[in-house]
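Participant: quick check, what structure comes out for this input:
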Amino acid sequence: MKKQVLKKEAANILLLITAAAISFISLHVFVIPSNFSPSGIDGVSTILFELTGINIGWFKILFNIPLLILAWIYLKRRYVAYVVAFTMLDSLGMIALERLDFFTFIPQDITNAEAVGYRLIAAIFAGVSLGMCTAIMLKLGCSTGGVDIIACLVNLKKPNFHVERIISIICYGVILCSYFVYWDLTSILLSVIQIFVFENTVSAILRKERYALEVKVITKQPEKIRDEILYKYHHSATIIKARGMYTGEEFDMVITVINSRDIAPFMNTMKQHPDTFVYFLDGVKVQGDFHFGDKIGERISAY
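Facilitator: A predicted model of the protein is given here:
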């Protein structure tokens with residue numbers, strides 16, 4: 001078991017390094033020479049780079065420090081450790097590429113008419129590559145930091161509030177502000193193209209994780225299973241009385257629906273209850289929000 005855990009962590013670290021490399025290479029090669037702002041902290045850092053000339057790597061470190069301190073207090077330590085590692089590799093990579101005078105996609109000696117085509121291609125490939133980077137980090141159970149941390153902290157207090165919605169509001173706010181730096185409508189349109197490609201790339205890679213799963217737990221201790229589902233995974237459940245056909249013993253069947261990305265930690269949680277039998281159906285499509293809302297959350301807290 002120890003060797004398997006070490007191998008898994010080694011693979012995760014390799015993926016993290018790959019994600020960081022994709023991020024800083026994409027920003028240096030495609031984004032900076034194209035004069036547009038991507039989403040999130042990258043966008044804010046790019047705007048400040050345009051105003052000050054200071055490498056965006058320094059700004060990314062500066063902005064993430066207070067967010068990571070809050071994350072260390074309220075979020076899981078593993079999540080924070082991975083985000084810290086990603087942030088440092090990503091930021092230091094940006095600083096190193098600038099000092100090495102690394103390749104950029106847009107040539108220096110082209111006309112303005114030719115530059116528009118180059119900038120469009122750069123925005124598309126920036127969206128693809130940064131989307132791949134984010135998808136890798138999400139598969140590792142963490143994120144690229146920045147607005148993702150803000151969204152997670154908000155979601156911690158408001159579980160029924162969609163994290164994606166928070167991120168989108170912040171990202172499009174950054175893009176809107178970038179107009180007053182570049183004073184160029186083309187830059188705004190390139191930002192919109194980049195974020196559109198980015199979101200679709202993440203969605204395509206994580207498509208399987210976007211589905212929900214119907215989980216059924218056969219147990220004699222439904223109260224313990226209920227607490228795990230309500231407090232840890234922020235879902236509700238249905239309990240049905242059941243009887244074994246062969247033994248005739250009385251059991252409870254707990255039925256719930258959870259996100260696919262939560263299935264691995266959920267099954268690990270169920271291992272702490274060896275008297276349970278668990279099975280799930282993959283690819284269940286859900287209509288409506290299957291997280292419990294504020295009123296249910298208040299009743300649970302009161303209970």
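Participant: would you map the strands across this protein?
Facilitator: Per DSSP state E, the chain carries strands over the ranges 212-219, 238-243, 250-259, 277-284.
Participant: list the buried residues of the shortest one.
Facilitator: What it means is strand 238-243. Under the neighbour-count criterion of 16 or more other Cβ atoms under 10 Å, strand 238-243 has I239 buried. To be clear about C-beta, it is placed using only N, CA and C from the backbone, and glycine gets the same treatment.
Participant: residues in contact with M253?
Facilitator: Contacts for M253 (Cβ atoms under 8 Å, 6 or more residues apart in numbering) come out as 216-218, 239-242.
Participant: which of the strands of the chain sits closest to P66?
Facilitator: Nearest of these to P66, taken as Cβ to Cβ: strand 250-259 at 28.7 Å.
Participant: my read: L51 touches S178, true?
Facilitator: No - applying Cβ atoms under 8 Å as the test, L51 and S178 come out as separate, 10.8 Å apart.
Participant: looking at those two, which is more packed in?
Facilitator: Each of L51 and S178 has its neighbours counted (other Cβ atoms under 10 Å); S178 has more, 24 against 9.
Participant: measure that one to L48 for me?
Facilitator: Distance of S178 to L48, given as Cβ to Cβ, to the nearest Å: 11 Å.
Participant: sketch out the low-pLDDT regions of the chain for me.
Facilitator: By pLDDT under 70, the low-scoring segments of the chain are 1, 159-166, 207-212, 260-261, 264, 282-303.
Participant: give the buried residues for the biggest helix by length in it.
Facilitator: Ranked by residue count under DSSP state H, the longest helix found in the chain is helix 112-139. By neighbour count on 16+ other Cβ under 10 Å, the buried set for helix 112-139 is 115, 118-119, 122-138.
Participant: ok now that helix, how far from the chain's centre?
Facilitator: Computed by Cα atoms, centre = their mean, to the nearest Å, the separation of helix 112-139 from the middle of its chain amounts to 18 Å.
Participant: just the helices in the stretch 101-250 of the chain please.
Facilitator: For the stretch 101-250 of the chain, the helices defined by DSSP state H, counting those that start in this stretch cover 112-139, 147-157, 163-182, 185-205, 207-210, 222-227.
Participant: tell me what angle the second one forms with helix 112-139.
Facilitator: Taking axes from the mean of the first three to the mean of the last three Cα atoms, to 10 degrees, one finds that helix 147-157 is oriented at 40 degrees with respect to helix 112-139.
Participant: which strands and helices sit next to helix 147-157?
Facilitator: With contacts taken as 3 or more Cβ pairs under 8 Å, 6 or more residues apart in numbering; DSSP states H and E, helix 147-157 sits against helix 40-52, helix 56-74, helix 163-182.
Participant: orientation of it relative to helix 40-52 in degrees?
Facilitator: Angle between the axes of helix 147-157 and helix 40-52 is 140 degrees (criterion: the same axes, to 10 degrees).
Participant: contact partners for Y118?
Facilitator: By Cβ under 8 Å, 6+ apart, the neighbours of Y118 are 34, 105-107, 110.
Participant: mind doing that once more with 7 Å?
Facilitator: The contact partners of Y118, by Cβ atoms under 7 Å, 6 or more residues apart in numbering, come to 105-106, 110.
Participant: let's have those in JSON lines, adding distance to P274 and neighbour count.
Facilitator: Formatted as JSON lines, the contacts of Y118 follow (distance: Cβ to Cβ, whole Å; neighbours: other Cβ atoms under 10 Å):
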{"residue": "F105", "distance to P274": "56", "neighbour count": "18"}
{"residue": "I106", "distance to P274": "60", "neighbour count": "18"}
{"residue": "I110", "distance to P274": "67", "neighbour count": "12"}
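Participant: where's E214 relative to F277, distance?
Facilitator: From E214 to F277 the distance is 15 Å (Cβ to Cβ).
Participant: wait, M88
Facilitator: 44 Å.
Participant: and these two? Which one has more around it.
Facilitator: A direct count of neighbours by other Cβ under 10 Å for M88 and F277 places M88 higher, at 15 against 12.
Participant: beta partners for the residue nearest to P222 when sequence neighbours are not counted?
Facilitator: Distances taken as Cβ to Cβ, 6 or more residues apart in numbering place D252 nearest to P222, at 4.1 Å, with adjacent residues excluded. Judged by DSSP bridges, the bridge partners of D252 are T219, K241.
Participant: now P107: phi and psi?
Facilitator: phi -60, psi 160 (degrees, to the nearest 10).
Participant: go on, K220?
Facilitator: As for K220, its main-chain torsions (degrees, to the nearest 10) stand at phi -100, psi 0.
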